[in-house]
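# Generate a structure from the sequence data that follows.
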Amino acid sequence: MEQTKSSISTVSGRFFDLLAPEDYAYDIEEIATALSNICRYTGHVKKFYSVAEHSVLGSRLVPERLALVGLLHDASEAFVGDVSSPFKKLLPDYRAIEDRIQEAIAKYFELPFPFPLEVHEADKRMYWNERQHIAPGPKDTLWHGEFRAARKVHASGMAPLMAKRFFLKRFKEITQANGKRDQELLKERAA
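Now for the predicted structure:
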């Protein structure tokens with residue numbers, strides 16, 4: 001892809017056009033690198049906590065069939081950053097661009113879009129886990145009060161390189177497992 005006025009340069013030296021996300025050949029290594037370097041909660045945390053670590057933990061809270069969706073549910077942030085939810089609500093154009101990028105990523109990786117409810121619920125349960133371990137705040141908050149904390153996972157605040165490895169390892173686990181399931185289904189259908 002060529003550089004345009006609406007493009008950013010990526011860690012791999014390519015250009016990503018924010019207004020043409022459907023034309024991009026997404027690279028999981030590129031996504032992992034960017035997400036591992038982006039801190040959640042606009043940096044208001046006790047220790048660095050990346051979108052990559054959040055994504056891996058979220059992928060473990062959804063049904064196995066949705067693990068890749070859980071892992072990539074914030075992949076658009078590799079290209080637009082992590083903007084706080086209250087700020088996003090004030091920027092409808094930003095939200096539209098982010099959604100278009102997320103939809104393009106979902107299509108590229110053959111994921112359902114919009115994402116299933118289970119993925120959104122897992123993300124909200126992660127919020128409570130993160131508030132307890134990484135970004136403590138008042139016990140009474142305005143967000144996601146109807147969801148209980150995720151107890152199966154623990155947000156630890158990994159360094160970026162560790163978070164990138166964590167993300168890529170999880171991607172490999174999921175895609176290999178999906179490949180085996182696909183092969184088993186094909187064998188069943190052939191029998």
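# now stretch 14-25: mean pLDDT?
Per-residue pLDDT over stretch 14-25 has a mean of 97.
# distance of residue 22 from residue 81?
For residue 22, the distance to residue 81 equals 20 Å [CB to CB, to the nearest Å]. The C-beta positions use only the backbone N, C-alpha and C, and glycine is treated the same way.
# do the same with residue 111
According to CB to CB, residue 111 and residue 81 sit 21 Å apart.
# Quick check: closest non-adjacent residue to residue 70.
Distances taken as CB to CB, 6 or more residues apart in numbering place residue 59 nearest to residue 70, at 3.6 Å, with adjacent residues excluded.
# May I have the residues that are in contact with that neighbour?
Remark: with contacts taken as CB atoms under 8 Å, 6 or more residues apart in numbering, residue 59 is in contact with 67, 68, 70, 71, 170, 174.
# Residue 111 and residue 81: which has the busier surroundings?
When residue 111 and residue 81 are compared for neighbours, residue 111 comes out ahead with 21 against 14, by other CB atoms under 10 Å.
# List the residues that contact the more buried one.
Counting by CB under 8 Å, 6+ apart, residue 111 touches 68, 69, 72, 105.
# ok, now residue 33?
So residue 33 contacts 11, 78, 164 (CB under 8 Å, 6+ apart).
# who touches residue 83 in this structure?
So residue 83 contacts 42, 91, 94, 98 (CB under 8 Å, 6+ apart).
# Are any of those buried, and if so which?
Neighbour counting with 16 or more other CB atoms under 10 Å marks residue 98 as buried within the contacts of residue 83.
# Output the contacts of residue 83 as JSON lines; include the columns secondary structure, distance to residue 17 and pLDDT.
JSON lines is the format used below for the contacts of residue 83 (DSSP: H, G, I helix; E, B strand; the rest coil; distance: CB to CB, whole Å; pLDDT from 0 to 100):
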{"residue": "42", "secondary structure": "helix", "distance to residue 17": "25", "pLDDT": "91"}
{"residue": "91", "secondary structure": "coil", "distance to residue 17": "19", "pLDDT": "92"}
{"residue": "94", "secondary structure": "helix", "distance to residue 17": "16", "pLDDT": "93"}
{"residue": "98", "secondary structure": "helix", "distance to residue 17": "14", "pLDDT": "96"}
